[in-house]
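1. build me a structure from this.
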Amino acid sequence: MTPADLDILAANLAERLTTPRWLKLRQAVQYAGIGKTNMARLLKAGEIDGYQNNDRGDWIVDKESIDRYHMGNMAQGDEDFVAELVDSLV
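-> Next up is the predicted model:
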């Protein structure tokens with residue numbers, strides 16, 4: 001892990017400690033750093049956990065599932081990097 005990765009991890013940890021677990025869609029979009037349309041797509045696909053709260057269909061999003069989604073993407077990126085590195089050595 002690079003120093004920049006550690007800085008990001010520290011910032012995320014600090015934000016996690018000060019942000020409630022369940023977020024409204026607007027808060028979830030800001031926390032995740034993705035657009036509203038993309039967030040809705042991820043919620044409907046079940047890649048991020050949440051539920052629609054009322055008759056209007058307002059989304060309530062599990063912040064921890066956003067973290068898991070991002071960590072899964074980071075892990076996939078690491079796997080891709082290792083695969084490319086191995087291929088370059090062969």
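2. what's the distance between residue 30 and residue 36?
-> Per Cβ to Cβ, to the nearest Å, residue 30 is found 10 Å from residue 36. Quick note: C-beta positions are derived from backbone N, CA and C, even for glycine.
3. can you check residue 19 too?
-> With distances taken as Cβ to Cβ, residue 19 is found 18 Å from residue 36.
4. show me where this structure has its helices.
-> Secondary structure of the chain (DSSP state H): helices at 3-18, 25-32, 36-45, 63-89.
5. deepest-packed of those, please.
-> helix 25-32 (a mean of 18; mean count of other Cβ atoms under 10 Å).
6. who's in contact with that helix?
-> By Cβ atoms under 8 Å, 6 or more residues apart in numbering, the residues outside helix 25-32 that reach it are 15, 19, 23, 35-36, 39-40, 48, 50, 58-59, 61, 63, 66, 69-70.
7. let's see that with 10 Å instead.
-> Outside helix 25-32, the residues that touch it by Cβ atoms under 10 Å, 6 or more residues apart in numbering are 12, 15-16, 19-20, 22-24, 34-40, 42-43, 48, 50, 52-53, 57-63, 65-67, 69-70.
8. between it and helix 36-45, how big is the angle?
-> 100 degrees (axes from the mean of the first three to the mean of the last three Cα atoms, to 10 degrees).
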